[in-house]
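# What follows is a protein structure lacking sequence information:
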C-alpha cells in the first residue's frame, strides 16, 4: 500500500519538473549561464509582444537566430547571424564560456557572438525586454554589457536611442536585407547625420545619398511632406538633451503606446513606417514616396515639384538649365546655373529671393545668430548663397551650391531666401511698377465715374419705403414680446421691463424694396443657407449694402430665432456686435435686415483659407470678440448669453473688425441670475460647454467655453469640430498635449508661425486653455479674459486638463434622443438643436 501511494506522487513531481523545463524552453524571457536554447525553443518578452528564436525566411533553407513580433513571425526586427546562416536545425543559442551570447552550429562551431571582451565567466545572462531589445546583463550589477539596440539590422523600434553627435565616434546604421528571403547585408543603409541640423538619410551601396528627411526642427523633419499633419509623428520623435559626452539621442515613442509600430528600411531602399492594425501591417509613410523625393533629382539650383503636371523640374528664378539640350529631353541631373553672376565679389550689393513650402537644401551651417542678424550675416559673406531662420533650429546658412531643393506639401511653410544679382530682381520690380501705375490710373478713372453716378442717383431717389414702427405694425412687436416672454431666463419681474424695451423704433422695410434690393432673392445674391432659411446680399436704392435673413416658411426654429433677434438686437449697440437695420413682415414673409459685412465670416479665413490672417489681425479679432461678449454679459442693458458662439457667427467688416452675429439662440438673464437649465439644448457641438451639452445647464461661463474653443481655432487655424484622428479627438486634445509637452508654439497656425509674437501667442493659448476647463467655476469671466488679453505680462493661473476624450465620445457615439440636427454648409450659421 505504501509503495502504491508513492507512485502517483513521483509521477506528479516528474510532470511538474517537465512543465518547468517546458516553460523555460517556450515561455521564459531569459537565458542563464549553463542553459542552452535549441532550434525550436523560443524566448518570449514578458508582455508577450516579441519572440526570439530560430527561423527561416520564406522559401529559404537557411536558419537564422532573430527577433520578431509574436503576432507575425515574418515581421523580423533583428537578426544575429545575418551573414553566416546555418544549413540545418542543429544550432543552439547560449551563454559561452567567455560570458558572451553565442550561436553555435550543429558541429558546435562559432557562428555568431556578441563579441564583448573582458567579461568574467559565469556572471552574465541574456534577457529579451518588452521593447524587443535583447540585453546581455551582468548578474552581479545588472549592468547592460551588450544589447541588440546598439547593433540593429534593418528596423528602428520604439525605445531605441540613436546618437546624433559624432563626438564619441559612434555611428549607427540600419542595413537593409539583400532580398526578401536573404537577411544578409543589402544595398541600402539608413542613419542620422548631425551636421547642419539632424536629418535621416538613406544611402545606396556606393555611399551616394538616395533620400533625406530634411532638418529636424524639434517637432518634425522639415523635408517630409505633410509630416506636421500626420498625428502618428507629432508625439513620436524626441531629441534628448545633450549628455555629459556632448551627445544627443533620437528616440521614437508613438502617442498610442499600445499600438505596434516600427520603421523599416526595405531591400528596395524604401523606408516605411508600419503599424499593426490587428490583422496586417499598414504603411503609414513611405520614403522616398515619389521621384521628387529622390536625392537632388533635378540637380543643383533646381526645384522638383511633384504636384504640377507641366514640368517636374524647374530652375530657381534667376537661373537657367546648365545643359539646355539634355534638359529638354527630360534629363535634369545637370541642374541649373546663374543667369547673372553675383556682384558681391565686385563690392556691389546683391539681393535675396524668398520662397515658401520648400524642402531646405542640404549641407547647411548653423551659426549662432539671431533672426535679425541672419540676413546680414549672409549678405556680408560673398560665399553665402542662401539663408533661412527656422523656428526650433535658428539661423541656417548655405555656402556653395544649393543641393536637393524640393517643393513640398507642408502645412508649416518655411521662408527660404536665396541670393541673386540685383538685376534679376529689378526686372521684376520694373515690370511690377509699370503694371501698378497703369492699374492705378484706370482705377482712379473708374472711381471718379462711379462717385459721380452715385451722387446723381442719390439726388434722384430717397428711401421712402421705410416707416417707423409706431403705426398699426407696432402690434407685431407687442405680440412678439408677449409670446416670447416665456423664453426669458430671468424672474417674473424682469418680464415687464423686458416688454418695455422690446418696443423699439425699428424700421419696417416694404417687401418690394427688399425683393428689388436682392434682385428677387436670386441665387447669385445668396450668401448662405441655414436651418432658419437663407441669407442674401442686397443693395438699397440709396446704395447701402445690406444682408437679408429670410425666414423659411417651414422652419419653426427660424420663427423663434426671428423674434429673439428683434427683441435683443434692436436695443444692443456695440462696435463688436452686428447691427440690425430693420425687418420686413408681410403675410408669411418674415425677414431681418442687417448691415452687410464685406469680408463675410471668420471661418472663410481660418478654414477655407480665403486669405491668410496675419498675427496682428488675429489678435485684434480675439480682443474684439472678447469685448463684444463682455458687453453682452455685463455692460449691456440686458444680460445676455449668446449660446452659439463660433467662427461662422463672427462676421468681419471692411477693416476686419469682428462682429458677433446670430442671436437666435441667445437668452436673457435676470440681474442676479447666474445659471439656468433648459430642456431644449441648442447650439453647435464642439463649441458647447460640457455642462450644457450633457445637462442643459448654461451660464455666462458657457459662452466663455465657446470663446476658448474659438480662440484656439483662431490661433491654430484649425477647426475643432473637424479635428479627428486616431490619436486626438479634438483640437482641445491636440492643444493640451502640446501645452503639457512645452511645445505650445506648434499650436500656432504654421502660416504665421514665423511672423507671430511668441509671447503673445503663448498668452492667448494659455487663456484658451483656461476657458475650456471642464468645470465652469474654474473658467474666468469675460471681464477677466479682457483684462488678461490687454495686459502685457499677466500672471495667469495654471489650467486644469480638460476631459476632452470622454466629452467627445459621449457626443459622437451616443444618439441624441428625440432630436434633430440641422447643419448648413454656408458661412452664416450652423446650428445643432437637440430635444432632451
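Here it is on my side, so go on. A quick note: this is a predicted structure, and the numbers were derived from the prediction, not measured. Numbers count the residues shown, from 1 in each chain.
# Which stretches in the stretch 101-250 of the chain count as helices?
With DSSP state H, counting those that start in this stretch as the criterion, the stretch 101-250 of the chain has helices at 231-234.
# Break down it into its strands, ranges please.
Assigned by DSSP state E, counting those that start in this stretch, the strands in the stretch 101-250 of the chain fall at 101-104, 110-113, 124-128, 134-138, 144-147, 155-156, 161-163, 174-179, 182-193, 199-203, 209-212, 237-239, 249-252.
# and the longest one with strand 174-179, angle?
Pointing back at strand 182-193 there. For strand 182-193 against strand 174-179, the angle by axes from the mean of the first three to the mean of the last three Cα atoms, to 10 degrees is 150 degrees.
# quick one: strand 182-193 to strand 199-203, angle?
Computed by the same axes, to 10 degrees, the angle separating strand 182-193 from strand 199-203 equals 140 degrees.
# now the fourth one
With the same axes, to 10 degrees as the basis, strand 134-138 and strand 199-203 are set at 110 degrees to each other.
# List the buried residues of strand 134-138.
By neighbour count on 16 or more other Cβ atoms under 10 Å, the buried set for strand 134-138 is 134, 135, 136, 137. For the C-beta atoms, the positions are set from N, CA and C on the backbone; glycine is no exception.
# Would you mind measuring from the residue nearest to the third one when sequence neighbours are not counted to residue 515?
Translated: residue 136. Spatial nearest neighbour of residue 136, excluding adjacent residues (Cβ to Cβ, 6 or more residues apart in numbering): residue 146 at 4.2 Å. Distance, residue 146 to residue 515, by Cβ to Cβ, to the nearest Å: 86 Å.
# So between the two, which is more surrounded?
Per other Cβ atoms under 10 Å, whichever of residue 146 and residue 515 has more neighbours is residue 146, with 20 against 17.
# got a list of what the residue nearest to residue 136 touches?
100, 101, 114, 115, 116, 135, 136 (Cβ atoms under 8 Å, 6 or more residues apart in numbering).
# Please repeat the previous calculation with a cut-off of 7 Å.
With contacts defined as Cβ atoms under 7 Å, 6 or more residues apart in numbering, the neighbours of residue 146 are 114, 116, 136.
# and it, how far is that from residue 622?
According to Cβ to Cβ, residue 146 stands 56 Å off from residue 622.
# now do residue 369
According to Cβ to Cβ, residue 369 and residue 622 sit 32 Å apart.
# Looking at the two, which one has more neighbours?
For residue 369 and residue 622, the more surrounded residue by other Cβ under 10 Å is residue 622, and the numbers stand at 22 against 18.
# If the nearest residue to residue 147 once chain neighbours are set aside is in a bridge, with which residues?
Nearest residue to residue 147, sequence neighbours excluded (Cβ to Cβ, 6+ apart): residue 135, at 4.5 Å. For residue 135, the beta-bridge partners are residue 127, residue 147 (DSSP bridges).
# Please name the residues that touch residue 135.
126, 127, 129, 144, 147.
# Is it possible to get a markdown table of these that adds distance to residue 611, pLDDT and neighbour count?
Formatted as a markdown table, these follow (distance: Cβ to Cβ, whole Å; pLDDT from 0 to 100; neighbours: other Cβ atoms under 10 Å):
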| residue | distance to residue 611 | pLDDT | neighbour count |
| --- | --- | --- | --- |
| 126 | 62 | 96 | 27 |
| 127 | 59 | 96 | 19 |
| 129 | 53 | 96 | 18 |
| 144 | 56 | 95 | 15 |
| 147 | 54 | 97 | 17 |
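# Against which helices or strands is the helix or strand harbouring residue 285 packed?
Element membership for residue 285, per DSSP states H and E: strand 281-287. Applying 3 or more Cβ pairs under 7 Å, 6 or more residues apart in numbering; DSSP states H and E, one finds that strand 281-287 contacts strand 271-276.
# what's the angle between the strand it packs on and strand 174-179?
Orientation check (the same axes, to 10 degrees): strand 271-276 against strand 174-179 gives 80 degrees.
# Against residue 703, how distant is residue 797?
To residue 703, residue 797 is 20 Å away according to Cβ to Cβ.
# And the two? Which one has more around it.
residue 703 (28 against 12).
# right, and the more buried one touches residue 640 too?
No. Contact criterion Cβ atoms under 7 Å: residue 703 and residue 640 do not qualify, at 9.1 Å.
# can you pull out the strands in the stretch 651-800 of the chain?
658-660, 667-669, 675-677, 680-683, 697-699.
# In terms of mean pLDDT, which of those strands ranks lowest?
Mean pLDDT across the strands of the stretch 651-800 of the chain is lowest at strand 675-677; the value there is a mean of 55.
# I would like the residues contacting stretch 793-800, please.
With contacts defined as Cβ under 7 Å, 6+ apart, stretch 793-800 is touched by 766, 769, 770, 773, 778, 788.
# Which single one of those is nearest to residue 748?
Distance ranking of these against residue 748, using Cβ to Cβ, places residue 766 first at 12.9 Å.
# and the closest one, how many residues sit next to it?
Residues near residue 766, counting by other Cβ under 10 Å, number 18.
# who touches it in this structure?
Residue 766 neighbours (Cβ under 7 Å, 6+ apart): 796, 799.
# rewinding a little: just the closest of the contacts of residue 135 to residue 595, please.
So of the contacts of residue 135, ranked by how close each gets to residue 595 (Cβ to Cβ), first place is residue 129, at 67.4 Å.
# how close does the closest one sit to residue 254?
17 Å.
# what about residue 349, how many residues close to it?
Number of residues near residue 349 (other Cβ under 10 Å) recorded here: 10.
# To clarify, my last question referred to residue 443.
For residue 443, the count of nearby residues is 10 (other Cβ under 10 Å).
# Verify the contact between residue 517 and residue 544 for me.
No. Taking contacts as Cβ under 7 Å, residue 517 lies outside contact range of residue 544: 9.1 Å.
# between these two, who's got more neighbours?
Legend: neighbour count by other Cβ under 10 Å for residue 517 and residue 544, higher for residue 517 (22 against 14).
# Which residue, other than its chain neighbours, is closest to that one?
In space, residue 517 is closest to residue 538, 3.4 Å off (Cβ to Cβ, 6+ apart).
# To what extent is that neighbour buried, counted in neighbours?
For residue 538, using other Cβ under 10 Å, the count is 22.
# beta partners of it?
Residues in beta-bridge contact with residue 538 (DSSP bridges): residue 546.
# show me the contacts for it.
Going by Cβ under 7 Å, 6+ apart, residue 538 touches 514, 517, 518, 525, 546, 548.
# pLDDT value on the third one, please?
This means residue 518. For residue 518, pLDDT reads 94.
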